[in-house]
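J.: Mind looking at a prediction? Sequence and model below.
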Amino acid sequence: MKKINIRKTYYHISHRYFTINNVVITIALLIGASWAWGSIGVMQRNYDLQKEVDGKSRQQKLADLEVQSLAFEKKYYQSNEYQELAVRDRLGLVTPGESVLILPQNSEAAKNADIQSIATITAKPVAQQSKFQQWMNFIFGGNKQQ
């Protein structure tokens, strides 16, 4: 009895599901799926390569900017203005009409006055508001300077 049922099932499956139409449709679906999978793989590779190209172009632009900056710096170092400033700095020379102003060190009273003025600026009390009031001021512009 089991052999007959197996034969019936085999006959039923082979004649109902394994027809030429079903096999052709299955092969077409497999080909379409493999084509889609390959296309996605190629798109991913192109995306990765484009990211690499963009990174290289950014590096090239950065290198070009550095070259330009160094060229400007070289021109500045070769200019008469820089040479004059460098000589004046190294030798301590001044141009006619310049005078040196030497200031004394700050006294303790001046230092304490600076510290107190900074402390008064930072120590202003801030009015505490509820979260609701803060939101209302934010939404309706209550914190705007007048």
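T.: Cool, got the structure.
J.: where does the protein dip in pLDDT?
T.: Of all residues in the chain, those with pLDDT under 70 make up the ranges 1, 121-126, 144-146.
J.: if we go to 80?
T.: For the chain, the stretches flagged by pLDDT under 80 are 1-4, 7, 10-15, 17, 92, 94, 98-104, 117-127, 142-146.
J.: same for the helix or strand encompassing V42, what does it pack against?
T.: Element membership of V42, judged by DSSP states H and E, is helix 20-78. Using 3 or more C-beta pairs under 8 Å, 6 or more residues apart in numbering; DSSP states H and E as the contact test, no helix or strand touches helix 20-78. (Each C-beta comes from the backbone N, C-alpha and C, glycine too.)
J.: which element follows it toward the C-terminus?
T.: Going down the chain from helix 20-78, the next helix or strand is helix 80-91, by DSSP H and E.
J.: Check which element follows that next one along the chain.
T.: Later in the chain than helix 80-91, the nearest helix or strand by DSSP H and E is helix 108-122.
J.: which secondary structure elements does that next one contact?
T.: Applying 3+ C-beta pairs under 8 Å, 6+ apart, one finds that helix 108-122 contacts no other helix or strand.
J.: Against G32, how distant is G38?
T.: With distances taken as C-beta to C-beta, to the nearest Å, G38 is found 11 Å from G32.
J.: tilt between the helix holding V42 and helix 80-91?
T.: Angle of helix 20-78 versus helix 80-91, following axes from the mean of the first three to the mean of the last three C-alpha atoms, to 10 degrees, is 60 degrees.
J.: starting at the chain centroid, how far to helix 20-78?
T.: Computed by C-alpha atoms, centre = their mean, to the nearest Å, the chain-centroid distance of helix 20-78 equals 19 Å.
J.: Stretch 89-103 now?
T.: In terms of C-alpha atoms, centre = their mean, the centre of stretch 89-103 is set 46 Å apart from its chain centre.
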